[in-house]
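Structure for the following, please:
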Amino acid sequence: MNMQRHFVSLCGMVSLAGGLAFCTPLLAQQQQDVPEFAWRAYDLHAPEANRTYAYGISEVDVSGTQIWKHFNSELSGQVLWYWPLDVRFRKLGLLNSIWDADRYYQTGQIEDPEYPGGGVAHAAIWFASLGEDILDMHPDGANTSEIYDLHNGIFTGNIYVKNNRNRFVTHAVVWPNASPGNMVDIHPVWSTGAGASQGEATDGTWFGGEASSSERGRMVATLWKGMTPESAINMDPPDSDFRGSYISGMAPGVQVGNVLRSTGKDNAVLWHGSPESLTIMHPPSWGNTNSYMYGTLGWIHIGQVSAQAGYWIGDDPESFVSLDPYLPEDAGASKPFDVDVVDNKLIIVGETDWRDYRQHAIVWIGTPTNETARHFLRQTEGREIEP
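Prediction:
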């Protein structure tokens, strides 16, 4: 790897993400170093569970979903694993799912309280201190709703509404605060009347996901530079031959996601706010396999290469580090869902396919081992704004 080139790119990227004063090209050249961590992985799976998934991180807990057998069917519920992590966990109800969390909120879905057992889901917010208080965020006029991501008290997700053909489709939406009545439908003006859109990520100002493009005849990665349908941008470069694309994670100045190449392979990609800034992040040294990106803190991005969870640093495809070597012996393929900083440690959560063909929630905890890593963690932690 060309360390000097890599760090100039990394410093510029972090400057966009937060204007970190310590990170300059000169300092990077002097350090000739990348953030390094000592990793440990912990299996969060409860013995009585059929499957578990860890989706969100806060200073209080790791949150996610547990699925367990109920006679000949399955039930799912919200689960919290408290710090310090051990076998203790908490089921908070049936048909609840958490998709994301920060130190103040957990977000996801609950079942319609007026029709329990009816299979209709409502977007919801839990409050991270205990997870007991639930705010139903479902807007009037929608069939179902869900919240996928949040940042500094701003939430994005989807509602299911009827299109001009009287069929239910998803529309990307934004809640600018914790009030169901303030939801904004941001379905792009350039999407077809019968088309769909999905909100997957936010950095607190912009929003990312995918939307139907009448020009491309498929779903395309979409970036909304505001809370309006008119602010949506198709993030596919004009000369691309992608078969599909989407944004799945964001930080200020950085968007990550995936494209389906004409070769039939999925590739992790990264943008800096425009279609032309797209960088293919699939590491060439891993060969002709699939890769995905799911989340980012701006300077570090999490994802998967060849069914192995790992992370990239900066804009360098070859910076990918696999987290598989740290998994328990019985773990197989792995996938990360969220990344954050807690108590000056880098935390990544996700799931692994176990040898018994069940999915287990997993957490990787990275302790910084050089000054570069400690700098990045100190500058990342504590960015959330108190509601």
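
so where's the stretch 251-387 of the chain uncertain?
382-387 (pLDDT under 70).

can you give me the strands for it?
Counting by DSSP state E, counting those that start in this stretch, the stretch 251-387 of the chain has strands at residues 254-260, 266-271, 279-280, 291-296, 300-305, 308-313, 321-322, 331-342, 345-354, 359-368.

which one is residue 135 nearest to, not counting chain neighbours?
Once flanking residues are discounted, residue 135 sits nearest to residue 125: 4.5 Å by Cβ to Cβ, 6 or more residues apart in numbering. All C-beta atoms are positioned from the backbone trio N, CA, C, and that covers glycine.

C-alpha coordinates for the helix or strand that that neighbour is a member of, CSV please?
Residue 125 belongs to strand 121-127 when assigned by DSSP states H and E. Extracted in CSV, the C-alpha atoms of strand 121-127 (Å, rounded to 0.1, in the frame of the first residue of the first chain):
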residue,chain,number,x,y,z
ALA,A,121,-45.8,-2.8,11.6
HIS,A,122,-45.4,0.8,12.9
ALA,A,123,-42.2,2.9,13.0
ALA,A,124,-41.2,3.3,16.6
ILE,A,125,-38.7,5.0,18.9
TRP,A,126,-37.4,3.5,22.2
PHE,A,127,-35.5,5.6,24.7
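
Pairing partners for that strand, with directions?
Strand 121-127 sits in its sheet next to strand 105-111 (antiparallel), strand 134-136 (antiparallel), going by DSSP bridges.

Looking at these, spot the one closest to residue 286.
strand 105-111 (32.6 Å; Cβ to Cβ).

okay, the angle between the host helix or strand of residue 173 and strand 105-111?
Assigned by DSSP H and E, residue 173 belongs to strand 168-175. Strand 168-175 runs at 150 degrees relative to strand 105-111, counting by axes from the mean of the first three to the mean of the last three Cα atoms, to 10 degrees.

Which strands border strand 168-175, and is each parallel or antiparallel?
Counting by DSSP bridges, strand 168-175 is paired with strand 154-162 (antiparallel), strand 184-185 (antiparallel).

Let's have the strands paired with strand 121-127 in TSV, adding mean pLDDT.
Output for the strands paired with strand 121-127, formatted as TSV (pLDDT from 0 to 100):
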stretch	mean pLDDT
strand 105-111	86
strand 134-136	88
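
Quick check: which of the ones you listed is buried the most?
strand 105-111 (a mean of 25; mean count of other Cβ atoms under 10 Å).

From the chain's centroid, how far away is that one?
Relative to the mean C-alpha coordinate of its chain, strand 105-111 is positioned 15 Å out (Cα atoms, centre = their mean, to the nearest Å).

and if you look at stretch 208-217?
Its chain's average C-alpha position is 20 Å from that of stretch 208-217, according to Cα atoms, centre = their mean.

With stretch 317-333 instead?
Relative to the chain's own centre, stretch 317-333 is displaced by 18 Å; criterion: Cα atoms, centre = their mean.

what bridges to the residue nearest to residue 135?
With DSSP bridges as the rule, residue 125 is bridged to residue 107, residue 135.
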